[in-house]
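J.: sequence and predicted structure are below.
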Amino acid sequence: MLRRVGLSLRHFLLERKSCAGYSSYSGEAKMSRPVQARRLEGIDKNIWVEFVKLAATYSTVNLGQGFPDFPPPDFLKEAFVGALSGENHMLHQYTRAFGHPPLVKILAQFFGKLLGRDLDPMTDVMVTVGAYQALFCCFQAFVDEGDEVIIIEPFFDCYEPMVKMAGGTPVFVPLRPKAPKDGKLMSSADWQLDPAELASKFSKRTKAIILNSPNNPLGKVFNRGELELIADLCVKHDILCISDEVYEWLVYDGKEHIRIASLQGMWDRTVIIGSAGKTFSATGWKVGWTVGPNRLLQHLRTVHQNSVYHCATVAQEAVAQGFQRELERYGKPDSYFVQLPKELQQKRDWLVQSLDAVGMKPIVPEGTYFLVADISEFKSDVPDVPNSDEPYDSRFAKWMVKNKGLAAIPLSAFYCGPHKNNYNHFIRFCFAKEEATLKAANDILQKWKREKTSP
Ligand code: PMP
């Protein structure tokens with residue numbers, strides 16, 4: 001019966017179409033009007049889609065995309081399993097839209113302690129689908145047509161399209177490398193802002209600056225002086241700061257992660273963004289958060305309630321329990337936030353050593369789980385193509401994964417279009433990997449070096 005109604009409806013629609021002068025029906029009726037919204041123009045390409053596919057097809061060792069290949073800590077997995085199979089079956093249902101109450105409460109307590117201020121869990125914290133959605137909410141909530149947003153290069157690539165989708169204009173200012181002294185390896189600290197150049201980017205049109213410290217891809221941890229420079233300009237020009245701090249616990253060599261929101265005049269104008277993915281080595285859970293004054297977060301809630309609305313309850317419950325545990329062990333040797341950076345620092349040092357040994361000069365990162373290396377000495381393996389549209393490092397990374405089975409990400413992916421060739425002889429590796437993975441990477445590099453040097 002239903003089928004008969006369906007058929008006759010189709011017949012009726014076809015008849016109407018031919019009466020209306022449409023071309024005769026031939027299979028699917030094709031639309032001819034443009035379907036793409038204007039705000040999507042020019043932002044359809046995505047480096048991760050391309051390089052994740054290449055890594056899946058060719059790599060034997062994947063140091064490309066940023067995720068650990070080791071498991072999250074047992075206490076976190078147990079919390080998840082407990083939430084999933086425990087008696088509280090309401091954990092399988094929707095929870096509060098702006099964050100599961102146990103999670104926003106513990107985040108308010110934890111960040112309240114870090115920032116030295118009382119936070120209201122219901123208004124000063126919002127849970128998001130990863131830090132990605134937190135960023136999206138910020139740009140949608142704050143950026144109007146014609147507003148400018150300052151982005152420090154190299155930058156986590158989604159900032160640029162997200163600003164554009166909100167109708168804003170990204171304004172780029174680069175970190176400029178200084179050659180290290182005495183033949184030492186370069187450090188991410190050698191990449192610095194030029195204060196005059198930074199100041200020149202602020203104007204009446206500037207609405208916000210996005211800061212990412214520790215920075216992906218360089219691993220730079222902005223020091224107090226650098227943060228004060230940015231903070232002073234934000235206050236002077238009355239500008240918002242979107243502070244992407246997803247790698248806040250991953251700092252090495254005794255360096256300190258300073259929260260720009262704790263500097264004078266900054267709390268009122270800063271949204272802090274965090275990620276359980278990076279914090280607890282569980283990137284697939286996609287639990288993130290924003291912390292800031294209600295004055296700002298109320299607008300993020302508007303975007304959140306009209307887009308994603310809600311994040312997975314079970315994952316939020318488990319992350320809440322993870323933070324509860326960490327609060328109890330804060331600063332103690334058995335805290336995961338103390339242990340993880342220790343382990344990662346060792347992994348960083350291994351990778352620094354293997355790259356240095358083969359002449360792929362590493363820039364030693366002060367934080368994050370990324371390391372950028374100079375490929376200049378390997379250029380003879382991958383000849384330059386003059387006037388190519390594709391930056392050299394991108395062709396190099398593709399060649400490397402296809403021919404050596406080692407996946408990495410070109411640094412040019414972290415620059416805007418016109419600047420992609422400014423620093424095009426670097427690639428980024430992720431060292432949040434098992435010892436065996438790093439050893440396999442070392443084997444590939446050593447073999448490659450031997451092949452290069454043998455007559
Ligand atoms: N910001 C930065 C700087 C990142 O590197 C990433 C992930 N690579 C994100 C935000 C997104 O984090 P999440 O996976 O929690 O969405």
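T.: Looks like it arrived, so ask away.
J.: for the rest of this, base every contact and every neighbour count on C-alpha atoms.
T.: Fine.
J.: which residues sit in contact with the closest residue to the ligand within the stretch 201-350 of the chain?
T.: Using C-alpha to the nearest ligand atom, the closest approach of the stretch 201-350 of the chain to the ligand is made by residue 275 at 4.3 Å. Applying C-alpha atoms under 8 Å, 6 or more residues apart in numbering, we find residue 275 in contact with 130, 131, 246, 286, 287, 288, 289.
J.: repeat that for 7 Å
T.: 130, 131, 246, 287, 288, 289 (C-alpha atoms under 7 Å, 6 or more residues apart in numbering).
J.: farthest-separated two in these?
T.: For the contacts of residue 275, the farthest-apart pair by C-alpha to C-alpha is 246 and 287; their separation is 11.2 Å.
J.: skip the chain neighbours and tell me the closest residue to residue 161.
T.: Leaving aside its chain neighbours, residue 161 sits nearest to residue 43 (5.9 Å; criterion: C-alpha to C-alpha, 6 or more residues apart in numbering).
J.: isn't the one you found right up against residue 160?
T.: No - counting by C-alpha atoms under 7 Å, residue 43 stays clear of residue 160, with 8.9 Å between them.
J.: of the two, which one has the most company?
T.: residue 160 (22 against 13; other C-alpha atoms under 10 Å).
J.: returning to what we had before: now do the residue of the stretch 201-350 of the chain closest to the ligand against residue 288, distance only.
T.: 4 Å (C-alpha to C-alpha, to the nearest Å).
J.: for the nearest residue to residue 192 once chain neighbours are set aside, grab the count of nearby residues.
T.: Ranked by C-alpha to C-alpha, 6+ apart and with sequence neighbours excluded, the top spatial neighbour of residue 192 is residue 175, at 4.7 Å. Residue 175 has 20 neighbouring residues, counting by other C-alpha under 10 Å.
J.: ok, residue 175 - contacts?
T.: Per C-alpha under 7 Å, 6+ apart, neighbours of residue 175: 152, 153, 191, 192, 193.
J.: please list only the buried members of those residues.
T.: 152, 153, 191, 193 (16 or more other C-alpha atoms under 10 Å).
J.: let me know the closest of these to residue 207.
T.: Using C-alpha to C-alpha, these come closest to residue 207 at residue 152, 14.7 Å.
J.: check whether the helix or strand hosting that closest one comes near the ligand.
T.: Element membership of residue 152 [criterion: DSSP states H and E] is strand 148-153. No - figure legend: strand 148-153 not in contact with the ligand (C-alpha under 6 Å from any ligand atom); closest approach 11.8 Å.
J.: ok, that strand: who's next to it in the sheet?
T.: strand 169-174 (parallel), strand 206-212 (parallel) (DSSP bridges).
J.: could I get it in PDB with only the CA atoms?
T.: Presented in PDB, the C-alpha positions along strand 148-153 are these (Å, rounded to 0.1, in the frame of the first residue of the first chain):
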ATOM      1  CA  GLU A 148      40.100  41.400  12.700                       C
ATOM      2  CA  VAL A 149      41.600  38.500  14.700                       C
ATOM      3  CA  ILE A 150      45.300  38.400  15.300                       C
ATOM      4  CA  ILE A 151      46.900  35.000  14.800                       C
ATOM      5  CA  ILE A 152      50.500  34.200  15.700                       C
ATOM      6  CA  GLU A 153      52.300  32.100  13.000                       C
END
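J.: re earlier: where does the residue of the stretch 201-350 of the chain closest to the ligand land on pLDDT?
T.: The model reports residue 275 with a pLDDT of 98.
J.: check residue 49 too.
T.: For residue 49, pLDDT reads 89.
J.: what is the neighbour count of it?
T.: 9.
J.: so which helix or strand takes in it?
T.: Going by DSSP H and E, residue 49 is in helix 47-58.
J.: is that helix positioned near the ligand?
T.: No - Helix 47-58 lies apart from the ligand when judged by C-alpha under 6 Å from any ligand atom; the minimum separation is 10.0 Å.
J.: which other helices and strands does that helix contact?
T.: helix 392-404 (3 or more C-alpha pairs under 7 Å, 6 or more residues apart in numbering; DSSP states H and E).
J.: direction included, what does the helix or strand just after the helix it packs on pair against?
T.: Note on helix 392-404: by DSSP H and E, the next helix or strand toward the C-terminus is strand 406-407. Counting by DSSP bridges, the strands paired with strand 406-407 are strand 61-62 (parallel).
J.: so which residues make contact with the partner strand?
T.: Counting by C-alpha under 7 Å, 6+ apart, 55, 405, 406, 407, 437, 440, 441 sit against strand 61-62.
J.: just list the residues touching residue 438, thanks.
T.: residue 351.
J.: ok, it to the ligand distance?
T.: 20 Å (C-alpha to the nearest ligand atom, to the nearest Å).
J.: contacts only, for residue 370.
T.: Per C-alpha under 7 Å, 6+ apart, neighbours of residue 370: 216, 217, 218, 219, 428, 429, 430, 431.
J.: equivalent analysis for residue 430, please.
T.: Residue 430 neighbours (C-alpha under 7 Å, 6+ apart): 63, 64, 65, 66, 369, 370, 371.
J.: where strands are concerned, which of those residues count?
T.: 370, 371 (DSSP state E).
J.: which of the contacts of residue 430 are close to the ligand?
T.: residue 66.
J.: need the residues of the stretch 51-200 of the chain near the ligand, please.
T.: Counting by C-alpha under 6 Å from any ligand atom, the stretch 51-200 of the chain sits next to the ligand at 66, 130, 131, 132, 156.
J.: three-state assignment of the residue sitting nearest the centre point of the chain?
T.: When C-alpha atoms, centre = their mean is applied to the chain, the residue found nearest the centroid is residue 156 (5.3 Å). Assigned with DSSP: H, G, I helix; E, B strand; the rest coil, residue 156 falls in the coil class.
J.: what do you get for residue 363?
T.: Looking at residue 363 with three-state DSSP, the answer is strand.
J.: that one: neighbour count?
T.: Residue 363 has 26 nearby residues by other C-alpha under 10 Å.
J.: next up, the contacts around it.
T.: 185, 186, 187, 188, 371, 372, 373.
J.: how does it look with 10 Å?
T.: Neighbouring residues of residue 363 by C-alpha atoms under 10 Å, 6 or more residues apart in numbering: 185-191, 218-220, 352, 355-356, 370-374, 426, 428.
J.: the closest residue to the ligand within the stretch 351-455 of the chain - how many residues pack around it?
T.: Proximity of the stretch 351-455 of the chain to the ligand (C-alpha to the nearest ligand atom) peaks at residue 368, 8.5 Å away. Residues near residue 368, counting by other C-alpha under 10 Å, number 32.
J.: strands of the stretch 101-250 of the chain, start to end?
T.: Here the stretch 101-250 of the chain has its strands, by DSSP state E, counting those that start in this stretch, at 125-129, 148-153, 169-174, 176-177, 191-192, 206-212, 240-244.
J.: can you pull the contacts of residue 231?
T.: Residue 231 neighbours (C-alpha under 10 Å, 6+ apart): 209, 225, 237, 239-241, 260-261, 263-266, 269-270.
J.: alright, I will stop here.
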